[in-house]
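Visitor: Coordinates for the following, if possible.
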Amino acid sequence: ATPKLSTCRSLDYSWRCLNGNVAECEQSGYDGNGAINLGVGEYVLNDSIYLRGKQIIIQGSGKDDTFMSIARNHSIECGWQCYLTMRDLSFIIATSDKQTIQLSNHASVEFDGVRFDGQSSGSLSIVINDAQTSVTFTDCEFINLRQAVPLFIANGGQIVFENCRFSQNVIFDQDMFIVNGANVLLKNCMFESNQGTGYTAGNLIS
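Guide: Residues are numbered from 1 along each chain as shown. Predicted coordinates:
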């Protein structure tokens, strides 16, 4: 059954509720059935998203209306039969920050209508470390990232990009994608105004 969506008043409350702190549930947007609904506005999570054997949907109200970020030195980790879906929001990387999304151990992850925005100084690293992990990006945007690390490192797994846009990103001394034994499909994607720079400006995929 499709879980009902409730309005999130605090992403921190929602996350603590999801992880078993029942006292936080009344002030959260977590509905108890795997969904957090983020309305119009800005939401900051002051903790890491660490999922093992859980299913969670983070539903925004649109890339131009819902803005989600995670505090510095935190990350998203999804493994051991984790099912994570993020939809219809902008994921903002703070100024000069580096965010990491790590996927492993039979994780299944979907990003649908998500804009990853580095705001001209933040960087993002998405790392897949398992042959049985799958991740799908549909109608996503990767913009304004400043990368001193590869944007994607795939050590196994199934990765699909469909109708995605990569724009105004700068990669320093790296390849954008590093693929080791993974299956990667890019379908109807657009690459525009990206730049490789440094002594060893990299390739798109290696």
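Visitor: residues contacting the residue nearest the centre of the chain?
Guide: Note on the chain: the residue nearest the mean C-alpha position is residue 101, at 6.1 Å, using Cα atoms, centre = their mean. Listed by Cβ atoms under 8 Å, 6 or more residues apart in numbering, the contact partners of residue 101 are 75-78, 124-127. Quick note: C-beta positions are derived from backbone N, CA and C, even for glycine.
Visitor: Drop anything exposed from the residues you listed.
Guide: Among the contacts of residue 101, those buried by neighbour count (16 or more other Cβ atoms under 10 Å) are 76-78, 124-127.
Visitor: Closest one to residue 86 out of those residues, please.
Guide: The closest of the buried ones among the contacts of residue 101 to residue 86 turns out to be residue 76 (Cβ to Cβ; 9.1 Å).
Visitor: Quick check: the closest one touching residue 49?
Guide: Yes: Residue 76 lies in contact with residue 49 (Cβ atoms under 8 Å); the separation is 4.4 Å.
Visitor: Give me the common contacts of the two.
Guide: By the contact definition Cβ under 8 Å, 6+ apart, residue 76 and residue 49 are jointly contacted by 70, 84.
Visitor: would you list every one of the helices in this protein?
Guide: Here the chain has its helices, by DSSP state H, at 11-18.
Visitor: any low-confidence regions in it?
Guide: In the predicted model, the chain carries pLDDT under 70 at residues 1-34, 46-47, 73-74, 95-97, 198-206.
Visitor: how about 90 then?
Guide: The model of the chain has pLDDT under 90 over residues 1-61, 65-86, 91-109, 117-135, 144-159, 168-185, 191-206.
Visitor: Tell me what the residue nearest to the centre of the chain is bridged to.
Guide: Beta bridges link residue 101 to residue 76, residue 126 when assigned by DSSP bridges.
Visitor: any idea how far residue 151 is from it?
Guide: Residue 101 sits 11 Å away from residue 151, going by Cβ to Cβ, to the nearest Å.
Visitor: Common neighbours of those two, please.
Guide: Joint contacts of residue 101 and residue 151 (Cβ under 8 Å, 6+ apart) are 124-126.
Visitor: export the buried ones among the contacts of residue 101 to JSON lines and tack on distance to residue 191?
Guide: Formatted as JSON lines, those follow (distance: Cβ to Cβ, whole Å):
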{"residue": "76", "distance to residue 191": "24"}
{"residue": "77", "distance to residue 191": "28"}
{"residue": "78", "distance to residue 191": "26"}
{"residue": "124", "distance to residue 191": "16"}
{"residue": "125", "distance to residue 191": "18"}
{"residue": "126", "distance to residue 191": "17"}
{"residue": "127", "distance to residue 191": "21"}
